[in-house]
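Peer 1: Next come a sequence and a model predicted from it.
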Amino acid sequence: MVILNDLDLRQLEAFSAVISAGSVTAAAKALSRSQPVVSRQIQELEQSLGYSLFIRNGPRIHPSEEALQLYQYVQKALLSLKQVRLRATEISHQQHPPLSIAATPALAAGLLPQALAALDLQNKVQIFSDSAEQTAHAVITGSADLGLCSLPLEHHALELHWIGQSNCVVALPETDPLVCESQLRLSQLAGRQFIVPWSPQRLRGRYEKALKKVKGTLSETIETNSSANILGCVRAGLGVAILEPVTAWGIPMAGVAIRPLAENIPYFFGVITPQGRKISAPVQGLIEALAVAAAQLLPAFERLSSGEHQRVMKLINQD
């Protein structure tokens, strides 16, 4: 059985570097260690864990399935330790602590930069982009000072400041005949090839229900977990997409036309901080700047109070 004392930090650094760099030689160079030292540290880690981390084929090595599963946790642990080192240095030099922000990819790229540009921040900013679940987890655990995340956001360890609402849109290739329309109805998309979000539990499930109401079919050609990927596939002519509005308006892509939907399929997101933590002036400023940026970016944007969460979730579940 592995115990905490068996997991040496330098061994974990060597393990992470080999996977990132692709070879022991490259990892040794990145860590400023000799190749034999890195090889020995990997072997010692394998002995501590009780299973092989790499499949060896002569001079080539490939990570095992167990290594790939372990890697994501090691990366997070090493990143946390790096934050500890940085914070300790900042405290000793009385520097402004970094402003750590977790956000889903759409909100991190489409909305957050505009809000940050409106602020005169003295703090260094760290942006971590991940799934909605991981974004909420980063705020719950306190590793992020602020989070931007799609609903639901009713965890007891979260402080929800406000909810944003804006309607979903249609993304089309610029050469599509429907581009001449100022807005589109779902019935006009019936039978088309769709590029769709991966998870049916969030936005995709809602517009699938809306399509069924107009007797439309969803013939998906590609599934992806990234709105930017959806836009890229639409530009290549692989299909059309019903898309959340933040990426559509916040990261416009040449070759892709965005049109409003006649039907109301709202997209909801929230601004969150850790429950019980004192909100610093930079975080408070960003909370308000995000609302201003959203109002400027998103057509018919509505800012709802945190008390609206239960009503909004009831609305979503009834769709």
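Peer 2: Done, it's in.

Peer 1: can you list the weak-confidence ranges in the stretch 1-150 of the chain?
Peer 2: Residue ranges of the stretch 1-150 of the chain with pLDDT under 70: 1-6, 59, 86-87, 90-96.

Peer 1: What residues sit buried inside the lengthiest helix in the chain?
Peer 2: Across the chain, the longest stretch assigned as helix under DSSP state H is helix 65-92. If you call a residue buried by 16 or more other C-beta atoms under 10 Å, then helix 65-92 has these buried ones: A67, L70, Y71, V74, L78. Just so you know, the C-beta spots here come from the backbone N, C-alpha and C atoms, and that holds for glycine as well.

Peer 1: among the residues you listed, which two are most distant?
Peer 2: Spatially, the most separated pair among those is A67 and L78, at 14.8 Å (C-beta to C-beta).

Peer 1: what residues does stretch 283-297 touch?
Peer 2: Stretch 283-297 has contacts (C-beta atoms under 8 Å, 6 or more residues apart in numbering) with 99, 101, 110-112, 114-116, 118-119, 121, 145-146, 148, 161-162, 164, 166, 246, 249-250, 271, 273, 279, 301, 303.

Peer 1: Please pick the buried ones from the residues you listed.
Peer 2: So, by 16+ other C-beta under 10 Å, the buried ones in the contacts of stretch 283-297 are 99, 101, 110-112, 114-116, 145-146, 148, 161-162, 164, 166, 246, 249-250, 271, 273, 279, 301.

Peer 1: Let's have the buried residues of helix 65-92 in a markdown table, adding distance to Q183.
Peer 2: Formatted as a markdown table, the buried residues of helix 65-92 follow (distance: C-beta to C-beta, whole Å):
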| residue | distance to Q183 |
| --- | --- |
| A67 | 50 |
| L70 | 49 |
| Y71 | 46 |
| V74 | 49 |
| L78 | 49 |
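
Peer 1: between those residues, which is closest to A171?
Peer 2: Of all the buried residues of helix 65-92, A171 sits closest to Y71, with 33.7 Å by C-beta to C-beta.

Peer 1: if we can go back for a sec, now the longest helix of the chain: how far from the chain's centre is it?
Peer 2: Offset of helix 65-92 from its chain centre (C-alpha atoms, centre = their mean, to the nearest Å): 18 Å.
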